[in-house]
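> pasting a predicted model and its sequence here:
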Amino acid sequence: MIIETFTPEESRALAPYFTNTDQPVVALINLPETVKGALFARYSRSAKSVRRVFLDEFLGQVEPASALRQAQDERTDQGVGIARADKLYARVLSEYGDDSVAQLGGAHIACEGVSNVLTKVLEWGRLMAYLEQSTRYVPYTDRPGGRWKYHVPAELDGSPLSDTFIRTLDQAFDTYARWIPAMEAHFRARYPKSPDDSDGVYKSVIRAKALDTLRGLLPAATTSNVGLFGTGQAFEALLLRMFAHPLEEVRGCGQLMLTELRHVIPAFLARLDQPNRGGRWIEYFADTRRDFHAVACPFVDEAIAEPRGEVTLSDFDPEGETKVVAAALYAASALPDDQLLAIARRMSADDRAAVLRAYVGTRANRRHKPGRAFERTSYRFDVLADYGAFRDLQRHRLLTLEWQPLSTRHGYTEPAAIEEAGALADWRAVMEQSADLYEQMMADGLRDAAPYSVVMAYRVRFYMDMNAREAMHVIELRTSPQGHPSYRRVCQLMHRAIADTAGHGAIAGAMRFADHSEVELERLQSERRMEKQRSATASSPTGDV
């Protein structure tokens with residue numbers, strides 16, 4: 001793993017705001033919450049490390065380091081108060097078992113140079129916030145230390161497959177980087193620049209389209225940067241899972257995170273080291289994972305997957321709309337829940353639709369959402385989509401989502417532009433090499449590490465189980481015109497399934513910002529809007545609009 005180095009002057013400037021300057025995992029300290037959020041937002045669209053982004057773009061906007069050092073000295077003088085607080089937290093958490101106290105403190109932390117396999121582990125928890133480096137705005141063409149940005153799993157140490165792994169992934173990255181200029185030229189020829197668009201807008205849109213098209217060549221071992229914010233309770237749950245994980249990269253990152261988090265929220269993590277607390281938790285997770293796999297395999301290993309479409313609505317309540325109507329009436333009445341359901345069942349379809357229209361109201365934009373009555377029914381979608389689309393959909397948290405191990409056995413997607421631009425032979429060569437490497441790793445007993453070898457164009461199966469309110473959020477957000485074509489298509493199919501398969505036309509109709517349009521340059525309208533906003537801000541005397 002390549003770790004960025006800083007000059008002595010830079011290290012001194014970073015010291016008041018970061019827990020270290022020489023590790024791939026680092027926590028943020030002594031920064032206002034707004035600065036932390038803005039820093040992580042910028043970080044997600046940059047190829048730079050979080051510390052480099054801070055030095056280049058944020059250092060001049062925060063309080064001078066001398067003032068912060070003075071504040072730190074004053075806090076050190078109050079060590080008795082800090083020690084008392086730590087003891088209080090330890091007693092409440094360990095002796096009383098009141099986990100809710102651990103929700104009252106949190107931390108920002110950045111994990112750099114972590115594989116896409118590991119990012120899915122980091123982004124598992126519901127009660128955390130994440131920002132991940134984008135494959136749309138950041139081309140993966142840098143070669144720090146002369147190496148492409150991918151992780152070689154420790155599980156390959158000493159294996160004859162190690163050289164094959166490196167050679168195969170180098171070829172995938174070589175192909176990806178080589179085709180970026182040609183793909184940009186293809187899209188410039190297909191979509192000539194409008195006189196109304198600036199060079200900046202046009203260049204940004206063409207670059208995003210090219211990177212979107214080619215990201216399927218990047219393997220799951222591709223490294224990324226992830227910013228996380230969470231409470232002490234959320235970090236404890238995450239670290240317990242990481243320490244029980246079968247992959248060395250995940251466990252190693254967990255240890256680095258624990259080291260840095262102990263600089264900022266040590267009391268919240270005290271239970272992790274206790275053999276009868278954290279130790280038993282970790283054993284439980286690891287043992288259960290291993291034992292369940294042994295029990296489940298005889299039932300499923302020999303079964304052949306039946307053909308399914310990209311999106312299958314596998315479970316729903318035929319009475320879902322009626323139950324949502326009853327739930328909507330609840331707060332407007334003094335009647336018991338079951339009586340309201342009986343009333344809703346006696347209503348005509350038109351009356352139920354009218355109630356739902358009134359409950360939803362006049363939505364001016366997708367952020368105007370109806371109330372919790374829409375949580376009364378849910379939908380379970382089985383999805384078979386490329387890993388790139390899964391990465392985007394997986395980050396939705398207020399739902400139940402589970403995925404199967406990434407493999408090359410479900411086939412891959414192939415954007416039309418790949419053949420149109422003349423890249424088809426190279427694309428398929430990468431697909432074949434990825435599949436060969438995956439099968440070799442599986443045959444060599446490297447089941448847990450084999451997904452590192454799979455490029456993102458390959459499909460992965462996962463389910464999303466969500467209530468109608470969350471479905472509205474996911475579908476409207478992920479069908480917006482600036483979205484990636486892969487996940488736009490998945491969510492468009494979800495919307496149609498709610499209306500047609502479930503027969504919930506009124507609920508689907510309430511999702512009025514679900515966009516089914518055909519879009520050629522996905523980012524164009526969004527980039528135009530942002531440029532207009534920047535121009536208005538620049539022309540305003542106060543910098544405000």
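Cool, the structure landed. Residues are numbered from 1 along each chain as shown.
> neighbouring contacts of the host helix or strand of Phe292?
Phe292 belongs to helix 280-300 when assigned by DSSP states H and E. With contact meaning CB atoms under 8 Å, 6 or more residues apart in numbering, helix 280-300 is reached by Leu240, Arg241, Phe243, Ala244, Pro246. C-beta coordinates here come from the backbone N, C-alpha and C atoms, glycine included.
> just the buried members of the residues you listed?
The neighbour-count test (16 or more other CB atoms under 10 Å) marks Leu240, Arg241, Phe243, Ala244 as buried among the contacts of helix 280-300.
> just confirm the second one is within a strand.
No: if the criterion is DSSP: H, G, I helix; E, B strand; the rest coil, then Arg241 is helix and not within a strand.
> any idea how far it lies from Arg45?
28 Å (CB to CB, to the nearest Å).
> ok, now the first one?
Counting by CB to CB, the separation of Leu240 from Arg45 is 31 Å.
> over to the third one?
Applying CB to CB, one obtains 31 Å for the distance of Phe243 from Arg45.
> same deal with the last one?
Summarising the geometry, the distance separating Ala244 from Arg45, computed by CB to CB, is 33 Å.
> please apply the same query to Gln394.
Distance, Gln394 to Arg45, by CB to CB: 19 Å.
> the more surrounded of those two?
Neighbour count, other CB atoms under 10 Å: between Gln394 and Arg45, Gln394 has more, with 19 against 13.
> list phi and psi for the more buried one.
Gln394 adopts backbone torsions of phi -60, psi -20, taken as degrees, to the nearest 10.
> wait, it sits on Leu406?
No: using CB atoms under 8 Å, Gln394 is not in contact with Leu406, being 11.5 Å away.
> burial measure for His108, as a count.
Counted with other CB under 10 Å, residues neighbouring His108 total 22.
> what residues are bridge-paired with it?
With DSSP bridges as the criterion, His108 is bridged to Phe229.
> quick one: contacts of stretch 46-62?
4, 6, 10, 13-14, 17-18, 21, 26, 28, 31-32, 35, 38-40, 42-43, 110, 112, 133, 138-139, 142, 225, 227.
> quick revisit: ok, so of the buried ones among the contacts of helix 280-300, who is nearest Met464?
Taking CB to CB as the measure, Met464 lies nearest Arg241 of the buried ones among the contacts of helix 280-300, at 20.3 Å.
> leaving out the residues flanking it, which one is nearest to the closest one?
Nearest residue to Arg241, sequence neighbours excluded (CB to CB, 6 or more residues apart in numbering): Phe285, at 6.3 Å.
> confidence score at that neighbour?
Predicted confidence (pLDDT) for Phe285: 93.
> for the protein, what's the longest helix?
The single longest helix within the chain, with elements called by DSSP state H, is helix 161-190.
> please identify the buried residues of it?
161, 164-165, 168-169, 171-173, 175-177, 179-180, 183-184, 186-187.
> next, Leu521: secondary structure please.
Following three-state DSSP, the label given to Leu521 is coil.
> now do the SS call for the nearest residue to it once chain neighbours are set aside.
With CB to CB, 6+ apart as the criterion, Leu521 has its nearest non-adjacent residue at 5.1 Å, and that residue is Val205. Classification of Val205 by three-state DSSP places it in helix.
> then the one 3 residues further on?
Recorded secondary structure, Ala208: helix (three-state DSSP).
> you'd agree it is up against Thr135?
No: counting by CB under 8 Å, Ala208 does not reach Thr135; the two are 9.9 Å apart.
> relative to Asp163, how far out is the residue nearest to Ser453 when sequence neighbours are not counted?
In space, and not counting its chain neighbours, Ser453 is closest to Leu437: 4.3 Å by CB to CB, 6+ apart. Distance of Leu437 to Asp163, given as CB to CB: 11 Å.
> how about Leu313, secondary structure?
Using three-state DSSP, the secondary structure recorded for Leu313 is strand.
> what do you get for Asp350?
helix.
> how many neighbours does Glu518 have?
7.
> now do the same contact list for the residue lying closest to Lys209 once chain neighbours are set aside.
Once flanking residues are discounted, Lys209 sits nearest to Phe187: 5.0 Å by CB to CB, 6+ apart. Counting by CB under 8 Å, 6+ apart, Phe187 makes contact with Ile206, Lys209, Ala210, Ala417, Leu521.
> do you know the pLDDT at Phe187?
What the model reports as pLDDT for Phe187 is 95.
> next one: Arg528
Note on Arg528: pLDDT of 68.
> same deal with Phe268?
79.
> surely Leu131 forms part of a strand?
Yes: under three-state DSSP, Leu131 sits within a strand.
> was I right to think it contacts Phe40?
Yes: under the criterion of CB under 8 Å, Leu131 makes contact with Phe40 at 4.8 Å.
> could you list the low-pLDDT ranges of the stretch 351-500 of the chain?
Across the stretch 351-500 of the chain, nothing is flagged by pLDDT under 70.
> can you show me the strands along it?
378-386, 400-403, 459-467 (DSSP state E, counting those that start in this stretch).
> mean neighbour count added to those strands, as CSV?
Shown next, in CSV, are these (neighbours: other CB atoms under 10 Å):
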stretch, mean neighbour count
strand 378-386, 22
strand 400-403, 14
strand 459-467, 21
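> want to try a markdown table for those strands, with distance to Arg496 as columns?
Converted to a markdown table, the strands of the stretch 351-500 of the chain look like this (distance: least, CB to CB, whole Å):
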| stretch | distance to Arg496 |
| --- | --- |
| strand 378-386 | 11 |
| strand 400-403 | 20 |
| strand 459-467 | 15 |
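> quick one: closest of those strands to Gly146.
The nearest among these, by CB to CB, is strand 378-386 at 29.9 Å.
> residue contacts, Gly227?
Leu39, Phe40, Tyr43, Ser44, Val50, His108, Ile109, Ala110, Tyr130, Leu131, Glu132.
> so for the protein, the centremost residue is which one?
Arg395 (3.6 Å; CA atoms, centre = their mean).
> quick one: contacts for that residue?
Neighbours of Arg395 in contact, by CB under 8 Å, 6+ apart: Glu123, Tyr130, Glu132.
> ok, those vs Arg459, which is closest?
Glu123 (19.8 Å).
> quick one: pLDDT of the nearest residue to that closest one once chain neighbours are set aside?
Spatial nearest neighbour of Glu123, chain neighbours left out: Tyr130 (5.0 Å); criterion: CB to CB, 6+ apart. Tyr130 carries a pLDDT value of 91.
> for the residue nearest to Lys209, give its distance to Ala389.
20 Å.
> Pro144 too?
As judged by CB to CB, Pro144 and Ala389 stand 28 Å apart.
> between the two, who's got more neighbours?
Neighbours were counted for Pro144 and for Ala389 using other CB under 10 Å; Ala389 has more, 26 against 14.
> just checking, that one touches His484?
Yes: between Ala389 and His484 there is a contact under CB under 8 Å: 6.7 Å.
> most distant residue from the middle of the chain?
The centre of the chain is farthest from one residue, Arg346, which by CA atoms, centre = their mean lies 43.5 Å away.
> picking up where we left off before, any chance of the contacts of Arg395 in CSV, plus distance to Arg447 and neighbour count?
Converted to CSV, those look like this (distance: CB to CB, whole Å; neighbours: other CB atoms under 10 Å):
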residue, distance to Arg447, neighbour count
Glu123, 22, 18
Tyr130, 27, 18
Glu132, 25, 22
